[in-house]
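S.K.: Need coordinates for the following:
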Amino acid sequence: MLNYEGTPVLWYMLLHFLALLRLPFFSEQVLNWAIASAAVFIFLKYAPFSRLLKFAFAFSYLMSYEYAVIARNYSISVLLLFAIAAVYGSRFKKPLIFATLVFLLFNTNVHSFVPAAMLLFIFVYELFGRVRPSGGEIKYYAAIVIMVLGALVCVWSLWPAPDNAQSGLGGVPNLAYIPLILKGPFFPYVQHITIKPVQPLLVPVSILILLSGIFALGRRILLINFLAGYVWLWYIFIVKQHGYFGPMHQGLILVLLLFNLWLGIYYGAAQEKEPVIRKAALFLITASLLSTFLVAYHFDVLDYKLPFSEGKQMAEFIKESGANGYTIIADRQGACLTPLAFLPRDTRFWYAATEKYGSFIVNHSYSYPSNKQLLSEISYYFPGKRDYLLLLSYPLSLPYSEDYVLIKSYTHAYGLGREDYFLYAPIPN
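M.R.: Next comes the predicted model:
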């Protein structure tokens, strides 16, 4: 079902391995934490930046919360980019190691495709322009094959089904999100916890940080490398995702900038006596990272006091009340998947969007039925049936709620998408 997910195979292979070992759901969080910790270790040990910048990045909101706490595939991108930067100087001495890391980067997420493709392009360009391998240097050609294979595997796994909501090149760009994309990489959520006079300054200061970082790259090849990935991320955010992105996605812009500034040491852009523009850029980046400490603390407190998702609580109620013995009809793609992770393995919901039972619902373009559409589907497929339960991620609105009684609701989730849940039963005739 990868052609509905929009994410390549690497993350799912890791999760499948955990499932084969029959490890609990918490193991996914442990795995993600280990990946994020490895990324921080490489950054602290090998990155050519000041101790203050390293400290600021390690404990910033992005790294300490978005990539370390929220278990998604984006922490793998951070790890692989930093690992590639660490071995970049030996890419022609040990090309197979470099190629393997790029292969994995291709298959981490769609956001990393162009950065990986640019690394492949630069490798080939420099190989034949500078190294000029002889006919016996088979390892170089093997490295190229490995990276190209990584790109092909990624394209194969990402190629969307015709009814995938993300199929095609995208629609009309949503320009309303431009300010958010500009400030998100450097000041994620800062506007929510700072005094109002500071908020109008976040966009211009973010532009200043970005431009200083771009000028600090110092080499045309690094500029092209960064801008290619930057434009690709903008395309995804504005055209493909239409605002459905968060700090973990925007943070990849900052990671990509740090990655290219790191590569500068291999191109002579970062000498023992750093240029003023590079010092200024690194100072501004450090300041922006330090400013997110308060954001990290804010979300750590939320994580301590409130659930990120109410899925586990709703699943426990369903089991304890015996509700899993009923037919459970769920409404939306994504939102109602979380309770299933905590229910018995053979549990299936009936989805109005797909008009069938399933353990999950794929990303069809028709995966968001309205109250009217949902209840119409129920009347059609379950005529006269009243022994079912309705699991929603939002409360029923009038007049539809008049035919149902709310059994249980959990409404204190603070995470992205606010995974609150409402369990209804139809009122007997």
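S.K.: Might you report the residue contacts of residue 72?
M.R.: For residue 72, the contact set (Cβ atoms under 8 Å, 6 or more residues apart in numbering) comprises 11, 32, 248. Quick note: C-beta positions are derived from backbone N, CA and C, even for glycine.
S.K.: Go through these and name the one nearest residue 57.
M.R.: Closest to residue 57 out of the contacts of residue 72 is residue 248 (14.8 Å), distances taken as Cβ to Cβ.
S.K.: List just the nearest of the contacts of residue 72 to residue 316.
M.R.: residue 32 (22.9 Å).
S.K.: Please work out how many residues are found near the closest one.
M.R.: 22 (other Cβ atoms under 10 Å).
S.K.: Could you check the pLDDT of the residue nearest to it when sequence neighbours are not counted?
M.R.: Spatial nearest neighbour of residue 32, excluding adjacent residues (Cβ to Cβ, 6 or more residues apart in numbering): residue 71 at 3.9 Å. In this model, residue 71 is scored at 90, pLDDT.
S.K.: what separates residue 290 from residue 378, distance-wise?
M.R.: 53 Å (Cβ to Cβ, to the nearest Å).
S.K.: Also residue 102?
M.R.: With Cβ to Cβ as the criterion, residue 102 and residue 378 are 49 Å apart.
S.K.: Of the two, give the one with the bigger neighbour count.
M.R.: Remark: of residue 102 and residue 378, residue 102 carries more neighbours, 26 against 18, as counted by other Cβ under 10 Å.
S.K.: burial measure for residue 200, as a count.
M.R.: Per other Cβ under 10 Å, the neighbour tally for residue 200 reads 10.
S.K.: one step back: flag whichever of the contacts of residue 72 scores worst on pLDDT.
M.R.: residue 248 (92).
S.K.: list the contacts for it?
M.R.: Taking Cβ under 8 Å, 6+ apart as the test, what residue 248 contacts is 62, 66, 67, 70, 72, 74.
S.K.: All the helices of the stretch 251-400 of the chain, residue numbers only.
M.R.: Residue ranges of the helices in the stretch 251-400 of the chain, as given by DSSP state H, counting those that start in this stretch, are 276-291, 293-305, 311-321, 371-381.
S.K.: Could you check the second one and say which residues are buried?
M.R.: For helix 293-305, burial by neighbour count (16 or more other Cβ atoms under 10 Å) applies to 295, 296, 298, 299.
S.K.: what's that helix packed up against?
M.R.: helix 61 (3 or more Cβ pairs under 8 Å, 6 or more residues apart in numbering; DSSP states H and E).
S.K.: Check what pLDDT residue 196 gets.
M.R.: 66.
S.K.: which non-adjacent residue is nearest the residue lying farthest from the centre of the chain?
M.R.: Using Cα atoms, centre = their mean, the residue of the chain lying farthest from its centre is residue 429. It sits 46.0 Å away. The spatial neighbour of residue 429 that comes closest, neighbours along the chain excluded (Cβ to Cβ, 6+ apart), is residue 386 at 6.7 Å.
S.K.: residue contacts, the one you found?
M.R.: By Cβ under 8 Å, 6+ apart, the neighbours of residue 386 are 426, 428, 429.
S.K.: Take these and keep only those in strands.
M.R.: The strands, defined by DSSP state E, take in residue 426 from those.
S.K.: Can you tell me which of the contacts of residue 386 is closest to residue 275?
M.R.: Closest to residue 275, out of all of the contacts of residue 386 and judged by Cβ to Cβ, is residue 426, at 69.9 Å.
S.K.: Pretty sure the closest one sits against residue 407.
M.R.: No. Using Cβ atoms under 8 Å, residue 426 is not in contact with residue 407, being 10.8 Å away.
S.K.: Output the below-cut-off pLDDT ranges for the chain.
M.R.: 1-4, 131-136, 161-171, 190-196, 242-243, 269-274, 332-335, 360-368, 416-417 (pLDDT under 70).
S.K.: again, only this time at 50
M.R.: The model of the chain has pLDDT under 50 over residues 365-366.
S.K.: And it, what are its domain boundaries?
M.R.: Listed domain ranges for the chain are 2-305, 311-426 (source: automatic domain parsing).
S.K.: What's the end-to-end length of the last one?
M.R.: Read that as domain 311-426. Start-to-end span of domain 311-426 (Cα to Cα, to the nearest Å) is 22 Å.
S.K.: Skipping adjacent residues, who's closest to residue 46 in space?
M.R.: Residue nearest to residue 46 in three dimensions, not counting chain neighbours: residue 86, with 4.2 Å by Cβ to Cβ, 6+ apart.
S.K.: isn't that neighbour right next to residue 41, touching?
M.R.: No. The pair residue 86 and residue 41 fails to qualify as a contact (Cβ under 8 Å) at a distance of 10.3 Å.
S.K.: Of the two, give the one with the bigger neighbour count.
M.R.: residue 86 (16 against 13).
S.K.: Contact partners for the more buried one?
M.R.: Applying Cβ under 8 Å, 6+ apart to residue 86 gives the contacts 42, 45, 46.
S.K.: ditto for residue 221
M.R.: 122, 267.
S.K.: So it: helix, strand or coil?
M.R.: Here residue 221 is recorded as helix under DSSP: H, G, I helix; E, B strand; the rest coil.
S.K.: Look up how far residue 407 lies from it.
M.R.: For residue 221, the distance to residue 407 - Cβ to Cβ - is 61 Å.
S.K.: In space, what's closest to the residue nearest the centre of the chain - neighbours in sequence excluded?
M.R.: The chain has residue 74 as the residue nearest its centroid, 4.6 Å off, counting by Cα atoms, centre = their mean. With sequence-adjacent residues excluded and distances taken as Cβ to Cβ, 6+ apart, residue 74 is closest to residue 248, at 4.8 Å.
S.K.: Return the distance of the helix or strand that the one you found is a member of from the chain's centre.
M.R.: For residue 248, the host element (DSSP states H and E) is helix 247-263. Here helix 247-263 is found 13 Å from its chain centre; the criterion is Cα atoms, centre = their mean, to the nearest Å.
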